[in-house]
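Enquirer: Return a 3D structure for these sequence lines:
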Amino acid sequence: MQTFNKQSYTTAGFFTLAIRLVVGWTYFSAFWRRLILDNKLIETEAGYIGVKFNHFLPNALGIKPLIEYLVTNPDVLWWAMAIFTIVEAIVGLFIMLGLFTRLMSIGVISLAMGILLGSGWIGTTCLDEWQIGVLGVATGFILFLSGGGYGSLDYYLEKKNIRFIQMKWFGFLGSGILPITNLKPIVFVGSFAILLLTLYTNQVFHGGVFGTLHNKSVKPKVELTDVEISPDGVSFQVYRVEGADVYGSFLIGVQLEKADGEVIAQWDGSALSKISDEAIDNAYVAKVKSGKHSMIIPLGAKAVVKLPLSIGQVEGAKQLRLIDVSGIEWIAEVK
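Expert: Have a look, this model is predicted:
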C-alpha cells in the first residue's frame, strides 16, 4: 500500500510549480546566455566558458583531478563544455515543462553538485556559487519526491492515456506515484544528508560553521615556486590560487634580491607588459600574459615565466619577489 495516493502526488507536484520554473530557467538560461545571446564556446575569444571552468581548479573539492585533466587538454575541454551546455539546456527545459520530471531532477542534483564541488569556494560577497550549489541539490531532491503535478507535461500525457505513462518505471522517471512503499526514511535520510553536505562544504570552503571565517575570493594569492637562474635569465613558476574570478592579479614589479633584500635586478610594470608570449609557458587554458601596464595572472592560471638578465646581475641572488598592484608581495628562494 502506498503511503500517499495519486491525488497527493498531483497536488504536491503542483505546489512545486514555482520551483520547477525558476530552477529550470537557471539551468536553461546558462545555455541561452552561452550560445544564443553570446557564443561563449569560441576558444579564442574573451568569455570562453573553458577559461571560467579553469577558475574553479585551485580549490575544487574532490573533482580537482578531473578539472585539471580538462584544462590541460583544450580539445577535450571544449567537448566537455559543449556537452555540459547541452545537458543544462535539456535539464532546464524539461524541468520547466515537467517532462520526465524525476529523471530531470537527478540532472538538477548532478549539475548542482558539480557547481558546488567545483566552485563552491568562489563568491566575493554572498558566497554565490556555494549557495547555488546547495540550493540546487535540495530543490532537485524535492522535485524527485514530488514529480510534476498540474501544469506539467507528465500530468498532461497521463490524462491522454499515453501507454508508456502507465508503466511502473515511469513513476521513477516521470511523475505520479513514486513506487516506493515507505518514503519517510528516504525523506529523513535524504534531507539530513543534504544538510550535512551543506554544513560540510560551508565549513571547508568558508569556515562558516565554526572557527574563523575566510573568503578565498577577496584577495589575490599567487604561489611562487621553482625560481632558477641561468646565464641569460631567471625563470619561475606562478600559480594563482585565490582572488576574484573576474579580476586578475596584476604584477607591477619583479625583483631579484640578495638575502638582505638588496635589489640586484628588477622589472617594473612597463617591462613586464613587454614580455613576449614565448617567454611565458602556460599550463592551462587560463593564461598568464602581458597586459597594457603589467603582467596579468588570471585565477587558476599556472605558467613558467622567464625574464631576461644581463651578465653579472646574478651574483649573490638569493630570492625573488613579486609585487601585485594591490601591494601584496610574494617571495621565494632561488634554487
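
Enquirer: Please report the distance of Asp128 from Ser119.
Expert: Distance of Asp128 to Ser119, given as C-beta to C-beta, to the nearest Å: 9 Å. No exception for glycine: its C-beta is placed from N, CA and C like everyone else's.

Enquirer: Please parse this structure into its domains.
Expert: 6-206, 221-333 (automatic domain parsing).

Enquirer: so who does Ile191 touch?
Expert: For residue 191 the amino acid is Ser, not Ile. Going by C-beta atoms under 8 Å, 6 or more residues apart in numbering, Ser191 touches Phe141.

Enquirer: next one: Ile106
Expert: Gly140, Phe144.

Enquirer: in the host helix or strand of it, what's buried?
Expert: Element membership for Ile106, per DSSP states H and E: helix 101-119. Neighbour-count burial for helix 101-119, counted by 16 or more other C-beta atoms under 10 Å, picks out 101-109, 111-119.

Enquirer: distance between that helix and the chain's centre?
Expert: Remark: helix 101-119 is offset 13 Å from the chain centroid, using C-alpha atoms, centre = their mean, to the nearest Å.

Enquirer: C-alpha coordinates for stretch 40-54, CSV please?
Expert: This file holds the C-alpha atoms of stretch 40-54, laid out as CSV (Å, rounded to 0.1, in the frame of the first residue of the first chain):
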residue,chain,number,x,y,z
LYS,A,40,30.9,31.6,-25.3
LEU,A,41,32.2,28.4,-26.8
ILE,A,42,34.7,30.1,-29.1
GLU,A,43,38.1,29.2,-27.6
THR,A,44,39.9,32.2,-29.0
GLU,A,45,37.6,34.9,-27.7
ALA,A,46,37.2,36.6,-24.3
GLY,A,47,34.5,35.0,-22.2
TYR,A,48,35.2,31.4,-23.3
ILE,A,49,33.5,29.2,-20.8
GLY,A,50,36.5,26.9,-20.6
VAL,A,51,38.5,29.7,-19.0
LYS,A,52,35.8,30.2,-16.4
PHE,A,53,35.9,26.5,-15.8
ASN,A,54,39.7,26.8,-15.2
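
Enquirer: Distance of the closest residue to Thr16 other than its chain neighbours relative to Ile328?
Expert: Spatial nearest neighbour of Thr16, excluding adjacent residues (C-beta to C-beta, 6 or more residues apart in numbering): Ser146 at 4.8 Å. Distance from Ser146 to Ile328, counting by C-beta to C-beta: 49 Å.

Enquirer: Which of these two has more residues huddled nearby?
Expert: Ser146 (25 against 14; other C-beta atoms under 10 Å).

Enquirer: from memory the more buried one sits against Leu17, does it?
Expert: No - using C-beta atoms under 8 Å, Ser146 is not in contact with Leu17; the gap is 9.9 Å.

Enquirer: what bits of this protein have low per-residue confidence?
Expert: Under the criterion pLDDT under 70, the flagged ranges of the chain are 1-3, 311-313.

Enquirer: could you pull out the strands for it?
Expert: With DSSP state E as the criterion, the chain has strands at 221-230, 233-242, 249-257, 263-268, 280-282, 289-290, 295-297, 302-308, 319-324, 329-333.

Enquirer: And the fourth one, what's buried?
Expert: When neighbours are counted by 16+ other C-beta under 10 Å, the buried residues of strand 263-268 are found to be Ile264, Ala265, Trp267.

Enquirer: Which strand residues bridge the last one?
Expert: What it means is Trp267. Note on Trp267: beta-bridge partners Val254, judged by DSSP bridges.

Enquirer: Would you mind measuring from it to Ala82?
Expert: Taken as C-beta to C-beta, the span from Trp267 to Ala82 is 40 Å.

Enquirer: and the residue nearest to Thr16, what does it touch?
Expert: Tyr9, Ala12, Gly13, Phe15, Thr16.

Enquirer: and with 7 Å instead?
Expert: Taking C-beta atoms under 7 Å, 6 or more residues apart in numbering, we find Ser146 in contact with Ala12, Gly13, Thr16.

Enquirer: With Asp245 instead?
Expert: By C-beta under 7 Å, 6+ apart, the neighbours of Asp245 are His55, Ile122, Ser217, Leu299.

Enquirer: which of those has the most neighbours?
Expert: Leu299 (28 neighbours).

Enquirer: Surely that one is in contact with Val241?
Expert: No - checked against C-beta atoms under 7 Å, the pair Leu299 and Val241 is beyond contact range at 8.1 Å.

Enquirer: any idea how far Ala259 is from Gly149?
Expert: Distance of Gly149 to Ala259, computed by C-beta to C-beta: 73 Å.

Enquirer: what about these two, which has more around it?
Expert: Legend: neighbour count by other C-beta under 10 Å for Gly149 and Ala259, higher for Gly149 (24 against 11).
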